[in-house]
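Colleague: here are the coordinates; sequence isn't available:
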């Protein structure tokens, strides 16, 4: 069947009151961005609290739907057949033909729901629903009406043309990206941090990211893996500015000067300091990590408190209460999982201690960091100054 338009339904935006138009405009921008690489010409516009994508000429239906399913803020994607208004008798024939093509298996219940946007139309909404329902029943006596819980809800909208749709493809939900500011994601090659980026982006937050690279202990392929993960997340979040930081000298200095059971905590504290500096420069409103309580030694409540201790910005942890399987399920849904499990080490796993401290005392950690006073500021500045920027789309 040839669908001429997609009606896009949004959720939370509908309760935004006088500011709703700002969220609608952001959603229109996101839809246009999502479709810019899809074959076809698309006119995205809003009308009467609805957003429409009119498809001009030939286009790739499956690819269009896949791209729309990644747009945060959409809860439903409805493929629409537009019918020319040639009178009600012709409309009945067209709707019956639509039902015949859409539903070759007639074992279902249905209901017709009409909306008369063009008030000059000679029938009101209730009459349109009643008479079209009668025509469908007459054509297919084996199907039944259920006005309360129909298997198929046939929607008819009378506009300059007449729009007919009955399928609602689930959307990504959430809020349009960019409506809640930007945040800095600490992105590694693991399973968790790409999912954290996806989760916070779903709430309307634009993303930048920082990745800590430790050559020669981590390979160029490990870096490429992170870039690939950022590309997958960017399908949902839009473009990501990725800061690649050479962390080797800082790690070796910490390894040389600090107790080995505190290595992971102290390294993470310096990662947070560096990521926060990039976030501050670019106007981000917080940091985002993929941490989950108790998952590893550096993610106990005491360890998280020790990590937070160096931050002045809020640290958002969208996975904080997730089990590992919960995180894996989302990673599989958004297609990051197979990339995340590729066997390329990142800098956190290279320098991990055999018996890391699980309940670090912040005062003890601060005293250990005093051993770094001679060179750490210089090393930090070098790391900031030599970071490479990759624009990921």
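Modeller: All right, it came through fine. Note that this is a predicted model, so its numbers are computed, not measured.
Colleague: For this structure, just list every one of the helices.
Modeller: 20-35, 61-68, 88-102, 125-139, 192-201, 220-237, 248-257, 263-281, 301-308, 324-333, 337-340, 347-350, 362-369, 376-386 (DSSP state H).
Colleague: looking at those helices, which is buried most?
Modeller: helix 192-201 (a mean of 27; mean count of other C-beta atoms under 10 Å). (Glycine included, C-beta is placed from N, CA and C.)
Colleague: what does that one rub up against?
Modeller: 72, 174, 177, 183, 185-187, 207, 209, 229-230, 232-233, 236-237, 240, 288-292, 295, 316-319, 327, 330-331, 334, 336, 340 (C-beta atoms under 8 Å, 6 or more residues apart in numbering).
Colleague: tell me the mean pLDDT over that helix?
Modeller: The average of the pLDDT scores along helix 192-201 is 98.
Colleague: tilt between it and helix 220-237?
Modeller: Calculated by axes from the mean of the first three to the mean of the last three C-alpha atoms, to 10 degrees, helix 192-201 forms an angle of 20 degrees with helix 220-237.
Colleague: Helix 192-201 vs helix 324-333, what angle?
Modeller: Inter-element angle recorded for helix 192-201 and helix 324-333: 70 degrees (by the same axes, to 10 degrees).
Colleague: chain center to helix 192-201, what's the gap?
Modeller: Averaging C-alpha positions (C-alpha atoms, centre = their mean, to the nearest Å) puts helix 192-201 8 Å from its chain's average.
Colleague: ditto for stretch 77-90
Modeller: In terms of C-alpha atoms, centre = their mean, the centre of stretch 77-90 is found 33 Å from the chain centre.
Colleague: Also stretch 62-71?
Modeller: 12 Å.
Colleague: got the contact list for it?
Modeller: Contacts for stretch 62-71 (C-beta under 8 Å, 6+ apart): 6, 8, 27, 30-31, 34-35, 37-40, 42, 53, 55, 74, 77, 79, 169-172, 176, 235-236.
Colleague: So among those, which ones count as buried?
Modeller: For the contacts of stretch 62-71, a neighbour count by 16 or more other C-beta atoms under 10 Å gives the buried set as 6, 8, 27, 30-31, 34-35, 38, 42, 53, 55, 74, 77, 79, 171-172, 176, 236.
Colleague: before we move on, the earlier item: ranked by average pLDDT, which of the helices of the chain falls at the bottom?
Modeller: helix 347-350 (a mean of 56).
Colleague: just to revisit the earlier point, residue 356: which of the helices of the chain is closest?
Modeller: Checking the helices of the chain against residue 356 by C-beta to C-beta gives helix 263-281 as the closest, at 5.1 Å.
Colleague: ok now do the nearest residue to residue 182 once chain neighbours are set aside, which residues does it touch?
Modeller: Nearest non-adjacent residue to residue 182, counting by C-beta to C-beta, 6 or more residues apart in numbering: residue 206, 4.2 Å away. Contacts for residue 206 were tallied using C-beta under 8 Å, 6+ apart; they are 177-178, 181-183, 237-238.
Colleague: let's see it at 10 Å
Modeller: Shown in contact with residue 206 (C-beta atoms under 10 Å, 6 or more residues apart in numbering): 177-183, 200, 237-241, 284-285.
Colleague: likewise residue 224?
Modeller: So residue 224 contacts 189, 342, 344 (C-beta under 10 Å, 6+ apart).
Colleague: Name the member of the residues you listed with the most neighbours.
Modeller: With neighbours taken as other C-beta atoms under 10 Å, the top of the contacts of residue 224 is residue 189, carrying 28 neighbours.
Colleague: ok, now how distant is the residue nearest to residue 182 from residue 148?
Modeller: Counting by C-beta to C-beta, to the nearest Å, the separation of residue 206 from residue 148 is 42 Å.
Colleague: okay if I get the helices of the chain as JSON lines plus distance to residue 160?
Modeller: Listed next are these as JSON lines, based on distance: least, C-beta to C-beta, whole Å:
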{"stretch": "helix 20-35", "distance to residue 160": "20"}
{"stretch": "helix 61-68", "distance to residue 160": "23"}
{"stretch": "helix 88-102", "distance to residue 160": "14"}
{"stretch": "helix 125-139", "distance to residue 160": "16"}
{"stretch": "helix 192-201", "distance to residue 160": "37"}
{"stretch": "helix 220-237", "distance to residue 160": "34"}
{"stretch": "helix 248-257", "distance to residue 160": "64"}
{"stretch": "helix 263-281", "distance to residue 160": "49"}
{"stretch": "helix 301-308", "distance to residue 160": "57"}
{"stretch": "helix 324-333", "distance to residue 160": "39"}
{"stretch": "helix 337-340", "distance to residue 160": "46"}
{"stretch": "helix 347-350", "distance to residue 160": "59"}
{"stretch": "helix 362-369", "distance to residue 160": "66"}
{"stretch": "helix 376-386", "distance to residue 160": "58"}
